[in-house]
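Undergrad: turn this into a structure:
(one chain, ligands or ions: 2)
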Amino acid sequence: MSKLRVAVLGAQGRIGSEAVKAVEAAEDMELVAALGRGDKLETLAEAGAQVAVELTTPASVMENLDFLIRHGIHGVVGTTGWTADRLAQLDTWLAASPKTGVLIAPNFSIGAVLTMKFAAQAARYFESVEVIELHHPNKVDAPSGTATRTAELIAAARAEAGLGAQPDATSTALDGARGADVSGVPVHAVRLRGLLAHQEVLLGGEGETLTIRHDSLHHSSFMPGILLGARRVTQTPGLTFGLEHFLDLG
Ligand SMILES: NC(=O)C1=CN([C@@H]2O[C@H](COP(=O)(O)OP(=O)(O)OC[C@H]3O[C@@H](n4cnc5c(N)ncnc54)[C@H](OP(=O)(O)O)[C@@H]3O)[C@@H](O)[C@H]2O)C=CC1
Ligand SMILES: O=C(O)C1=N[C@H](C(=O)O)C[C@H](O)C1
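TA: Ligands and ions are numbered 1, 2, ... in the order given. Next up is the predicted model:
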């Protein structure tokens, strides 16, 4: 059987360099290009890439995806910075290239995907909920894509359950003391040397709390999800948001 021809964008980065090794080690894949900043995107077409793993920066990802979609190259995207406007733009591009698939995964690790699922399941039963994400200090964005997605899923679950705004009597003069408001859910971002990628979801009800915590201790935690995404995206045209759509989570 012929191997899947995979490229990595952001190949010298923290996660991109790990993805290069994972693709090289996968028996059913061939690494056909490994691009860094300044490298020509045309290389991807010349190398016959079928899938490109996009792990660059929020500032670069749209230009890269525009090229990929126009050339019918499937995308597996871990880069953060997704807004409704950006997703709508992707839908427009994909409509003009209906066989092409793009997976955007706020987090490729199974534990983080399950954290999001469990948090959304639990949200309807608790009056209060806050998200704390903790990362290495070189991370370019805050809050993390995972925390933003977690808060959005929690907010949707609360709305579906008919829960209103959270109780919060705080009156503070200090900006930021209550974190960022993501769809009504406070999200706090910690940046600390020694950490990699971690998240806690704190839920509180009368007389009890529930904490859901996930820790990515090494970038290898993201690799099975990236490889799964590369295999599945070729059979999934259009935009898929979240690795959970490629997993059987019951
Ligand atoms: N979804 C997930 O599971 C995960 C997502 N991420 C996300 O992935 C992204 C990258 O994270 P991380 O690896 O830590 O960041 P890094 O800064 O270590 O890596 C990004 C790399 O992309 C390069 N780059 C920038 N623009 C381009 C371009 N146009 N073409 C090719 N390469 C480019 C950068 O080059 P230069 O240094 O010259 O700028 C750098 O080498 C972030 O958005 C992060 O949040 C990270 C981990 C897991
Ligand atoms: O930059 C990182 O490191 C990570 N970015 C993603 C995010 O913003 O959620 C995924 C994971 O948290 C690691």
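Undergrad: list the buried residues for stretch 58-78?
TA: V61, N64, L65, F67, L68, I69, I73, H74, G75, V76, V77, G78 (16 or more other Cβ atoms under 10 Å). The way it works is simple: take the backbone N, C-alpha and C, and place the C-beta from them, glycine included.
Undergrad: now, which of those residues lie close to ligand 2?
TA: When contact is defined as Cβ under 6 Å from any ligand atom, the buried residues of stretch 58-78 do not meet ligand 2 at all.
Undergrad: from those residues, which land in helices?
TA: If you go by DSSP state H, these have V61, N64, L65, F67, L68, I69 in helices.
Undergrad: assess the claim that the last one and L94 are in contact.
TA: Read it as I69. Yes. At 6.0 Å, I69 counts as touching L94 under the criterion of Cβ atoms under 8 Å.
Undergrad: shared neighbours, the two?
TA: By Cβ atoms under 8 Å, 6 or more residues apart in numbering, I69 and L94 have these common neighbours: T100, V102.
Undergrad: look up how far V53 lies from the residue of the chain found nearest ligand 1.
TA: The chain approaches ligand 1 most closely through G13 (2.1 Å), counting by Cβ to the nearest ligand atom. Distance, G13 to V53, using Cβ to Cβ, to the nearest Å: 11 Å.
Undergrad: before we move on, what about H198?
TA: Counting by Cβ to Cβ - H198 and V53 are separated by 23 Å.
Undergrad: repeat that for S144.
TA: 19 Å.
Undergrad: looking at these two, which has the bigger crowd around it?
TA: Here S144 and V53 are set side by side on neighbour count (other Cβ atoms under 10 Å), and the busier one is V53, at 32 against 23.
Undergrad: using the three-state scheme, assign the more buried one.
TA: Following DSSP: H, G, I helix; E, B strand; the rest coil, V53 is assigned to strand.
Undergrad: who does the closest residue to F241 other than its chain neighbours form a beta bridge with?
TA: Nearest residue to F241, sequence neighbours excluded (Cβ to Cβ, 6 or more residues apart in numbering): I104, at 5.2 Å. For I104, the beta-bridge partners under DSSP bridges are V77, F241.
Undergrad: make 740 the first number, not 1, from now on.
TA: Yes, from this point I'll number from 740; that puts the last item at I843.
Undergrad: count the neighbours of I843 for me.
TA: Counted with other Cβ under 10 Å, I843 comes out at 25.
Undergrad: my understanding was that it contacts T822; is that so?
TA: No. In this structure I843 lies outside contact range of T822 using Cβ under 8 Å: 11.8 Å.
Undergrad: what is the neighbour count of E939?
TA: 19.
Undergrad: then D914?
TA: Neighbours around D914, by other Cβ under 10 Å: 6.
Undergrad: give me the domain ranges for the chain.
TA: Split into domains by the TED database, the chain comes to 743-843+959-985, 849-956.
Undergrad: and the residue most central in space within the chain, helix, strand or coil?
TA: Computing the C-alpha centroid of the chain and ranking residues by Cα atoms, centre = their mean puts P845 first, at 1.1 Å. Secondary structure, three-state DSSP: P845 is coil.
Undergrad: wait, what's in contact with it?
TA: T819, W821, A851, M855, S883, G884, T885, T887, R888, G981.
Undergrad: pLDDT added to those residues, as JSON lines?
TA: Formatted as JSON lines, those follow (pLDDT from 0 to 100):
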{"residue": "T819", "pLDDT": "97"}
{"residue": "W821", "pLDDT": "97"}
{"residue": "A851", "pLDDT": "98"}
{"residue": "M855", "pLDDT": "98"}
{"residue": "S883", "pLDDT": "98"}
{"residue": "G884", "pLDDT": "98"}
{"residue": "T885", "pLDDT": "98"}
{"residue": "T887", "pLDDT": "98"}
{"residue": "R888", "pLDDT": "98"}
{"residue": "G981", "pLDDT": "98"}
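Undergrad: many thanks, I have nothing further to ask.
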